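Asker: Dropping a prediction and its sequence here:
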Amino acid sequence: AEDAFDKAKESAKDFSEDAKKSANEFSEGAKKTADEFTAGAREAFSGAGAGSAGGENKKILAGILAIILGSLGVHKFILGYQKEGFILLGITILGYATTCLVIGAFFFWIPGLIGLIEGTQQNNKHKEKRLIPNKS
């Protein structure tokens, strides 16, 4: 019986060492992936100046997000207007909270309409990089 106990103890020790090794490998892989993501995000969001290509891409992204998620104010956060983004987000959350009342419907479509208008305006500012091509 003691021999079986020693075998089980040795097996458990081997298993724990394998588990530690696997956990360390996973941790290193996760750190590498996170570092690559961080570097990619920095590259994507750098160059926010008005004349740089990164700034233009950010504005186009904001235009697309304004059309799709305008009521949540995501486009405002992308462009650096946190106050306006929180206002749109707050109005939308208030709309969700008051859906059972008639007034909640207005809180839904007003920020969405604002986002749609701002997204369309943002699209029209970039005639050479239009989201929706102009027929003329």
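Answerer: Perfect, thanks for sending it.

Asker: Every contact and neighbour count from this point should use C-alpha atoms.
Answerer: Fine.

Asker: ok now the longest helix that the chain contains, how far from the chain's centre?
Answerer: Ordering each helix of the chain by length in residues (DSSP state H) puts helix 2-45 first. For helix 2-45, the separation from the chain centroid amounts to 28 Å (computed by CA atoms, centre = their mean, to the nearest Å).

Asker: got it, and stretch 80-93?
Answerer: 16 Å.

Asker: Show me the shaky parts of the chain.
Answerer: 44-55, 126-136 (pLDDT under 70).

Asker: Show the backbone phi and psi for L101.
Answerer: Backbone torsions for L101, taken as degrees, to the nearest 10, come to phi -90, psi 160.

Asker: Can you get me a residue count around it?
Answerer: 10 (other CA atoms under 10 Å).

Asker: spatially speaking, which residue is in the middle of the chain?
Answerer: V74 (8.8 Å; CA atoms, centre = their mean).

Asker: quick one: contacts for that residue?
Answerer: A62, L65, A66, G85 (CA atoms under 8 Å, 6 or more residues apart in numbering).

Asker: Of those, which is the nearest to L79?
Answerer: Among the contacts of V74, A62 lies closest to L79 (CA to CA), at 6.9 Å.
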